[in-house]
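Undergrad: no FASTA, just this:
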């Protein structure tokens, strides 16, 4: 749309001509691909059967180990950050001249 058409539409207080998204071929193609994807995903989920799988008993201990290691790792990480912030404030305080 040209700028002059938009400007004249504003002056006349009317709406500029709207472009329908259905007329753009790329949008139509994307909408049909989305519909095909949703249909195929629904069919895949609806036609799935039981997996007959099991979880290894060692997997539970692996999860516990990951959780505990993550907890203690986050403690050390936050302790390191707090230490750096404290030392930064201490060095700032020492570098300031006294005004007594």
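TA: Yep, that arrived. Just so it is clear, the model here is predicted, and its values are computed rather than measured. Numbering: from 1, shown residues only.
Undergrad: contacts and neighbour counts: CA atoms only from here.
TA: Will do.
Undergrad: quickly list the domain ranges of the chain.
TA: 1-46, 58-94 (automatic domain parsing).
Undergrad: can you flag the weakest of these by average pLDDT?
TA: With a mean of 70, domain 1-46 has the lowest mean pLDDT of the domains of the chain.
Undergrad: now the helix or strand hosting residue 70: buried residues?
TA: Here residue 70 sits within helix 57-95, counting by DSSP states H and E. With burial defined by 16 or more other Cα atoms under 10 Å, not one residue of helix 57-95 is counted as buried.
Undergrad: can you check stretch 42-56 too?
TA: Judged by neighbour count using 16+ other Cα under 10 Å, stretch 42-56 contains no buried positions.
Undergrad: what's the end-to-end length of it?
TA: Length of stretch 42-56, first residue to last, Cα to Cα, to the nearest Å: 30 Å.
Undergrad: list the contacts for residue 82?
TA: With Cα atoms under 8 Å, 6 or more residues apart in numbering as the criterion, no residue contacts residue 82.
Undergrad: now do residue 73
TA: No contacts exist for residue 73 under Cα under 8 Å, 6+ apart.
Undergrad: how close does it sit to residue 25?
TA: 53 Å.
Undergrad: and what of residue 56?
TA: Applying Cα to Cα to residue 56 and residue 25 gives a distance of 52 Å.
Undergrad: do residue 75 as well
TA: For residue 75, the distance to residue 25 equals 55 Å [Cα to Cα].
Undergrad: do the same with residue 60
TA: According to Cα to Cα, residue 60 stands 52 Å off from residue 25.
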